[in-house]
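Undergrad: next one to model:
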Amino acid sequence: MSEQKKKKNVNAMFNVLNSEFGGKSNSRSSGGKKSNVSHKKRKNKSDAKKSRSADNIGLGFVKFLILFVTALALAWVIFMPSHSLEELTAYLSGNFSQLVEHIHSSDSQTGADSSAEQTSSASYTSAQTTAATTTASTSATTTKTSAATTVHYVVSPDSAEPDNIKVYLKSQLVAVYDSEGGVIKVFICSSGKSSTPTRTGDYAIHHQYRWRLMIGDCYAQYASAFSGSYLFHSIPYNRQDASTMSNASYDKLGSGASAGCIRLCCRDAKWIYDNCKIGTKVKVVNEFAPDGLEGEEIPVRIKKNKYSGWDPTDPSAQNPYNKL
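TA: As a prediction, the model looks like this:
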């Protein structure tokens with residue numbers, strides 16, 4: 001075999017080897033690329049699953065929110081207006097048994113408590129409450145005025161029957177009128193504060209309660225509801241106990257301080273409770289009271305431990321103000 005032919009055979013062999021190993025190398029390179037592509041696809045699928053999971057969570061929350069709002073609306077329609085907002089909240093929070101117990105206990109005590117309070121009120125005088133009698137006067141434009149106003153808990157036979165109540169928010173006064181426009185009573189009150197104002201409009205008393213559970217797990221005496229859960233009522237109490245009154249709230253009478261209700265001292269809330277029957281018209285206006293319209297004096301609290309937590313005007317026989 002000639003040298004030239006040998007060289008050709010060697011070159012051909014090298015070319016075959018080069019081709020074989022070069023192909024495998026390229027194949028490995030190609031396989032690496034495929035592996036990278038496959039990894040990216042898996043990552044994209046994982047990201048897509050995470051995105052779908054987040055979307056599902058968001059969608060589930062929205063569905064829950066819609067169901068909750070729907071349940072709240074249905075509960076509102078079923079529960080109101082015969083019950084207050086705070087009772088509705090307790091109902092939805094699962095405190096139904098406590099709520100029922102409260103309502104039954106309040107209803108069962110109404111007769112006995114009212115009888116006891118009326119008995120004690122006979123010995124309750126304006127001197128004991130340090131409230132001097134005042135004369136309810138009206139301006140020249142008022143067609144009729146009542147006699148001198150004193151602290152009464154039962155309307156006397158010859159007095160006019162209450163026909164309507166008007167709340168003057170800018171003066172923090174509540175006036176009770178007879179059917180001819182004569183003034184029967186005028187009370188100093190606390191309406192809603194600026195963040196929770198009392199709603200204005202024409203209403204009527206539709207429910208009355210001896211004790212009433214209020215917003216914030218507090219209680220009020222002699223409550224008369226006139227618009228849903230908006231009521232005339234006493235100063236708030238920590239418990240259904242007349243010795244646990246909020247002293248700070250009593251001291252705020254004459255200024256906006258409530259969550260929307262009309263707060264009164266116990267004497268005045270009881271007067272409305274006793275004398276203004278279901279159906280009595282109520283008008284709330286964002287106006288000043290007419291000139292000459294003044295509320296009955298609110299006794300100043302005695303700031304000693306013995307009297308702390310008691311409304312000076314509460315006719316309860318247990319009230320230390322009635323033992324002076």
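Undergrad: do you know how far residue 170 is from residue 206?
TA: 26 Å (C-beta to C-beta, to the nearest Å). C-beta: built from backbone N, CA, C; applies to glycine.
Undergrad: low-scoring stretches of the stretch 101-250 of the chain, by residue?
TA: Counting by pLDDT under 70, the stretch 101-250 of the chain contains low-confidence ranges at 101-159.
Undergrad: which of residue 170 and residue 206 has more neighbours?
TA: Neighbour count, other C-beta atoms under 10 Å: between residue 170 and residue 206, residue 206 has more, with 16 against 11.
Undergrad: show me what contacts the more buried one?
TA: If a contact means C-beta atoms under 8 Å, 6 or more residues apart in numbering, then residue 206 has 81, 225, 226, 278, 279 as its contacts.
Undergrad: in PyMOL, select just the buried ones from those.
TA: Applying 16 or more other C-beta atoms under 10 Å to the contacts of residue 206 leaves a buried subset, and the PyMOL line that selects it is:
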select buried, resi 225+226
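Undergrad: just to be sure, which of the contacts of residue 206 are found in strands?
TA: In strands, defined here by DSSP state E, the members of the contacts of residue 206 are 225, 226.
Undergrad: which of the contacts of residue 206 sits closest to residue 306?
TA: For the contacts of residue 206, the closest approach to residue 306 (C-beta to C-beta) belongs to residue 225, at 33.8 Å.
Undergrad: sec struct for residue 59, please.
TA: Put simply, residue 59 is helix when judged by DSSP: H, G, I helix; E, B strand; the rest coil.
Undergrad: can you get me a residue count around it?
TA: Residue 59, neighbours per other C-beta under 10 Å, totals 10.
Undergrad: can you check residue 304 too?
TA: By the other C-beta under 10 Å criterion, the neighbourhood of residue 304 contains 8 residues.
Undergrad: then the one 4 residues further on?
TA: Under the neighbour criterion other C-beta under 10 Å, residue 308 is assigned a count of 14.
Undergrad: once you drop chain neighbours, what's closest to residue 273?
TA: If the residues on either side of it in the chain are set aside, residue 273 comes closest to residue 222, at 3.8 Å by C-beta to C-beta, 6 or more residues apart in numbering.
Undergrad: surely that neighbour and residue 237 touch.
TA: No: the criterion here is C-beta atoms under 8 Å, and residue 222 misses it with residue 237 at 11.6 Å.
Undergrad: any chance you could map the strands in this protein?
TA: 164-168, 173-177, 183-188, 201-204, 207-214, 218-227, 230-233, 262-263, 281-285.
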